[in-house]
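[1] structure of the sequence below:
(3 chains)
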Amino acid sequence: MNQAIVIKEKNIPITENETVPPHPLKEFWKYFSENRGAVIGLYFIAGAILCAIFADIIAPHSPFNQYRSAILQPPFWMEGGNTEFILGTDDVGRDILSRLIFGARLSLFVGVIVVTLSLAAGIILGVTAGYFGGFYETVVMRLMDIMLALPSLLLAMAIVAILGPSLQNAILAIAIVVLPHYVRLTRASIIAEKNKDYVTASRVSGAGPLRMMFNVLLPNCMAPLIVQATLGFSAAILDAAALGFLGMGAQPPTPEWGAMLANSLQFIQRAWWVVTFPGVAILLTVLAFNLAGDGLRDALDPKMKR
Amino acid sequence: MSASNPVISASNLKKYYPVKQSGFFKKDILLKALDGASFDIEPGKTLAVVGESGCGKSTLARLVTMIEQPTSGEFDIAGINAVTSGKAQKRTLRSKVQIVFQDPYGSLNPRKKVGDILEEPLIINTSLSRSQRREKALAIMEKVGLTPEQYSRYPHMFSGGQRQRIAVARALMLNPALVIADEPVSALDVSVQAQALNLLMDLQEEMNLAYLFISHDLSVVRLISHEVMVMYLGRVVEQGEKNTIFDKPLHPYTMALLAATPHVNIKSRQKRIRLSGELPSPLNPPPGCTFHRRCAYMSDICRQVAPESRRLENRMVACHHAEKMSTAPSESKIQKGLVKNLVDKGAQDENAI
Amino acid sequence: MTKLVEIKKLSVDFDGFKAVDDVDLTVDAGKVVGIVGESGSGKSVTQLALMGLIPYPGIIEAERLMFNGNDLLKMQDKRRRQITGKDVSMIFQEPMTSLNPCFTVEYQISEALKIHEGGTRQQRRDRVIELLSQVGIPVPEDRLKSFPHQLSGGMCQRVMIAMAIACNPSLLVADEPTTALDVTIQAQILELLVDLQKKNNMALILITHDMAVIAETVEDVVVMYAGQVVEKNSAQNIFTSPSHPYTHALLNALPERNVQARRLPTIPGIVPGKYNRPKGCLFHPRCSFVQEICKKEIPAYTRKDKMAVRCHFPLVNYPS
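    Next comes the predicted model:
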């Protein structure tokens, strides 16, 4: 009798298999694409990345070549401009469009390096602080609090001042300055996840601390980190530009957007294009990253979902 | 007591947590989450732990799974002392004890596929190859009623009942001797609950598993358990064979618990014993017998002396007046007495919280 | 007997998913009705629809939605809120989260009083004390200034009930009021609810998944499955001779009815969700009495005397 029931039950097809809820990636795209701004931002970022990769092919001129005959030439649609220099030239006759295209390479490079450095260090510090807790956590978190208490640009300038002005040092400085955000975020999500049952289940199976931290816990804390990293991209670009503007980042003649702004500040009355276009480039890129980051948050953060 | 060796045998397990008091000069006080629990479970048997929130059920689970160390007391798993043994030995013991949680949504890692969830214990504890692990996972999945296609699905694609099957499968991956089931069916719907209970009972028969079954639902406990341990505020108040306890409870708390459980069958309904008052805070338990403020049989001794657990009519019971209960003429009389006594006691109790 | 609530052919649609599907429900004044069903059966959504609390993107459709003689379908939102806010109250499953942790007990209860009844500060305070003692909180004067986190779960639920009955509602909807509570506390709260219902002569709708709670507390039972009412009957009859196969199977699956068995009769399969709603009778894939017609046609909700059932082949005197 009993046996019969057992067999009967096992043969019953489990109907829910046939209709499975959509794959997570598909669902993600559904939520992401609902936010039009985010999609536009994403396209802009893709365009910027293409520009950066194929800068050599796209750019009409070398970013360093000085055309002595065309100093401070206006953009092509203005009187005195021509299509050879679409966005005009700067005070030593370099093509602004080409410099902007090569500048995209630098800016994105800065963004990638800063985010990678700070994310990696932030995750390691945050995960260990959240997982081990105790005295170690107190030390790490208070250190981060101190860093947060200083104005970030000031701190970055101080670090650059110690290391010497160069693009690499600027990147390093920015990475250090944004570190606390990642540490705090990681630690908070680790602590929230730590007491869930699946974590205890892994502990009962005998998982060691390394496995617990990076294999079990971390993947479940990635969503807010991805969002923060995207937003951090724009912050990094902005900070790099600011340092460049102050002369503590990329050094001339590097075609870095912030440095371009700084070098042409004196022409703002006479030749507005020299100042405007790098500024617009910074603005659009940062805006694109922020929009895409917002869309990511909508799609990844379950609390924002309807 | 019995011929077969118990899978787990615990004696006088205690766990106290220090709790910081607010205020600068106040000393930490001890929260007695579990204050002395002793039991044996034989292979193929189920010990049910019953009690309300804060009674120490979950603390007991954490001790037995070796997530936490007991403050005092010992327990053996398969004859090896699990408290004092070394690191390597603990590792092997750990694989003998597995756990199934209450919440089927929180207990599975949402970022891992079913296959990875099931194989994790194998990766940690054995040196099986990838294909061997897969084979084993599939075998267990079949056993708990999952299909091979589900191997590479994510937990969010499953319903609550099926997730609980996955959780059971994970617990079985290492061939444990003892499975701790922490309210495994209370988050499930009635129709699914029956499936899950059947699965647990089938697996027990098939694999000769011992269960430590934690639950607040007495009808489930009555179905699945062999022995019952009733706890109140960290202490075991009554412990014995299922039928002994359910047919004739001797501790007033057990009686109240049985009477408070609602029934569908009209004939099994009892007159409600109204336990007035709330559970006291475990931080500040009443002196003497912890139950005395809600108890109808309370006398002076209950206020002062905590009753020792003693053997009476085939069970262990911790009550000063257990003998009186056992000779009490009829159940209805007891209950009348209880109700009458409780009316005036409720007020004092709630003030004391 | 006046009909307090009358719902006919109510459907609530969430983006193509019918959370509530063709539901009829009547509650007479001063009666206790229990709605029992598994998760996702639409038992809570029905009540939210009555209160006008369906969140976006839910769409309510109904042939008739009456409360105390007022047609809620034709009414403006503001008027509707006035009626349902004063005459209908709700208590929820989680007592700890349904109270606002930032305010004292007194403040939260007198808030409701202020909106609907007015009165001076002292009058309101007296009324709060009266309410608290009505729900069995000892020495209510001392509890006025307590914050929710200082109270236990059972106490919080009592405060919630005090809030709910503050304006003498004619209908109290209790949505799983005891699910989060311990057994002994559950018994106290259920007793309190029924006492208050009798004393204040209000109607009570008790929503729960627990058959046993329903059996011990209510007069009429409504069983819901996948958004539909499948059976309605008196508590006496439904537990001794259920008419719908689902009710029958659900009762049989209770551990309480199988104390000495080592195996429980189960209902195979799972409750249909958003992606797998069957055609015809919603229960047919799991039904042990299934016939061809069940797979094609949705059975009508038919009434007979005081009971009603939605099944092509209702069980008659089938032993459970």
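
[2] for residue 120, what are phi and psi?
    With no chain named, the answer covers chain A. Note on A:Ala120: its backbone torsions stand at phi -60, psi -50 [degrees, to the nearest 10].

[3] show the pLDDT at it.
    With respect to pLDDT, A:Ala120 has a value of 94.

[4] and if you look at the one 5 residues further on?
    We have a pLDDT of 95 for A:Leu125.

[5] pLDDT below threshold where in the stretch 201-320 of chain C?
    Scanning the stretch 201-320 of chain C for pLDDT under 70 picks out C:318-320.

[6] who in it is up against chain B?
    C:209-213, C:215-217, C:239, C:249-251, C:253-259, C:261-268, C:270-271, C:273, C:286 (CB under 8 Å from any CB of the partner chain). Bear in mind the C-beta positions are built from the backbone N, C-alpha and C, glycine included.

[7] please redo it, this time with the cut-off set to 6 Å
    C:211-213, C:215-216, C:239, C:250, C:253, C:255-256, C:259, C:262-264, C:266-267, C:270 (CB under 6 Å from any CB of the partner chain).

[8] would you list the buried entries among these?
    C:211-213, C:215-216, C:239, C:250, C:253, C:255-256, C:263-264, C:266-267, C:270 (16 or more other CB atoms under 10 Å in any protein chain shown).

[9] filter those down to the ones close to chain A.
    Applying CB under 6 Å from any CB to these, those adjacent to chain A are C:Ile270.

[10] burial of B:Met157, as a residue count?
    Look at B:Met157: counted by other CB atoms under 10 Å in any protein chain shown, it has 18 neighbours.

[11] I meant C:Lys296, not that one.
    Neighbours of C:Lys296 (other CB under 10 Å): 11.

[12] ok, whichever residue of the stretch 251-353 of chain B sits closest to chain A - contacts?
    In the stretch 251-353 of chain B, the residue that lies nearest chain A is B:Pro282 (19.1 Å; CB to the nearest CB). Taking CB atoms under 6 Å, 6 or more residues apart in numbering or on different chains, we find B:Pro282 in contact with B:31, B:54, B:233.

[13] those residues in helices, which ones?
    Using DSSP state H, no member of the contacts of B:Pro282 falls in helices.

[14] could you confirm A:Gly144 falls within a helix?
    In this structure residue A:144 is Met, not Gly. Yes: membership of A:Met144 in a helix is supported by DSSP: H, G, I helix; E, B strand; the rest coil.

[15] tell me who's in contact with it.
    A:180, A:183 are the contacts of A:Met144 under CB under 6 Å, 6+ apart.

[16] which parts of stretch C:6-22 are buried?
    C:6-7, C:10-14, C:18-22.

[17] over to stretch B:33-45?
    B:33-43, B:45.

[18] which residue is the nearest non-sequential neighbour of residue 72?
    This is for chain A. A:Ala271 (4.7 Å; CB to CB, 6 or more residues apart in numbering or on different chains).

[19] hmm, no, I was thinking of chain B.
    Nearest one to B:Ser72, counting by CB to CB, 6+ apart, is B:Lys14 at 4.7 Å.

[20] beta partners of that neighbour?
    Beta-bridge pairing of B:Lys14 under DSSP bridges involves B:Asp35, B:Ser72.

[21] pLDDT score assigned to it?
    91.

[22] any idea how far it lies from chain A?
    21 Å (CB to the nearest CB, to the nearest Å).

[23] run a quick neighbour tally on that residue.
    That count, for B:Lys14 with other CB under 10 Å as the rule, works out to 18.

[24] tell me who's in contact with the residue nearest the centre of chain B.
    Nearest to the mean C-alpha position of chain B, by CA atoms, centre = their mean, lies B:Ile214 at 2.7 Å. Taking CB under 6 Å, 6+ apart as the criterion, B:Ile214 is in contact with B:49, B:57, B:182-183.

[25] let's see if you can find the most crowded of the residues you listed.
    B:Val49 (29 neighbours).

[26] quick one: secondary structure of that residue?
    strand.

[27] picking up where we left off before, from the buried residues of stretch C:6-22, which are also near chain A?
    Okay, of the buried residues of stretch C:6-22, nothing touches chain A (CB under 6 Å from any CB).

[28] tabulate these (JSON lines), appending pLDDT.
    Formatted as JSON lines, the buried residues of stretch C:6-22 follow (pLDDT from 0 to 100):
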{"residue": "C:Glu6", "pLDDT": "89"}
{"residue": "C:Ile7", "pLDDT": "89"}
{"residue": "C:Leu10", "pLDDT": "90"}
{"residue": "C:Ser11", "pLDDT": "89"}
{"residue": "C:Val12", "pLDDT": "89"}
{"residue": "C:Asp13", "pLDDT": "87"}
{"residue": "C:Phe14", "pLDDT": "83"}
{"residue": "C:Lys18", "pLDDT": "83"}
{"residue": "C:Ala19", "pLDDT": "85"}
{"residue": "C:Val20", "pLDDT": "88"}
{"residue": "C:Asp21", "pLDDT": "86"}
{"residue": "C:Asp22", "pLDDT": "87"}
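
[29] coming back round to it: can I assume the residue nearest to the centre of chain B sits in a strand?
    Yes: using three-state DSSP, the secondary structure at B:Ile214 is a strand.

[30] what's the spacing between it and B:Met231?
    10 Å (CB to CB, to the nearest Å).

[31] got it, and C:Phe67?
    46 Å.

[32] now swap in A:Ser166 and tell me
    Counting by CB to CB, the gap from A:Ser166 to B:Met231 is 68 Å.

[33] looking at chain A, which helix or strand is least sure?
    Within chain A, no helix or strand scores below helix A:2-11, which has a mean of 36 by mean pLDDT, DSSP states H and E.

[34] run through the bridge partners of the residue nearest to the centre of chain B.
    If you apply DSSP bridges, the partners that B:Ile214 bridges to are B:Val49, B:Asp182.

[35] one step back: any idea which of the buried residues of stretch C:6-22 is closest to B:Ala78?
    C:Ala19 (50.6 Å; CB to CB).

[36] correct me if wrong: the closest one contacts C:Ser11.
    No: look at C:Ala19 against C:Ser11 with CB atoms under 6 Å: they stay out of range, at 8.7 Å.

[37] skipping adjacent residues, who's closest to A:Pro74 in space?
    That would be A:Gly81: by CB to CB, 6+ apart, it lies 4.4 Å from A:Pro74.

[38] measure that neighbour to A:Arg99 for me?
    Taking CB to CB, one finds A:Gly81 at 16 Å from A:Arg99.

[39] go on, C:Asn200?
    80 Å.

[40] going along the chain, name the helices of the chain.
    Looking at chain A here, since you left the chain open. Under DSSP H, chain A gives helices at A:2-11, A:24-34, A:36-53, A:55-58, A:96-132, A:134-149, A:152-163, A:167-194, A:197-204, A:209-210, A:222-245, A:257-263, A:272-300.

[41] you looked at the wrong chain, it should be chain B
    B:57-64, B:87-94, B:114-125, B:130-143, B:160-172, B:190-207, B:218-224, B:242-247, B:252-260, B:300-304, B:322-327, B:331-352.

[42] show me the contacts for the closest residue to B:Leu209 other than its chain neighbours.
    Leaving out its chain neighbours, the residue that sits closest to B:Leu209 by CB to CB, 6+ apart is B:Val179, at 5.5 Å. Applying CB under 6 Å, 6+ apart to B:Val179 gives the contacts B:98, B:171, B:209, B:211.
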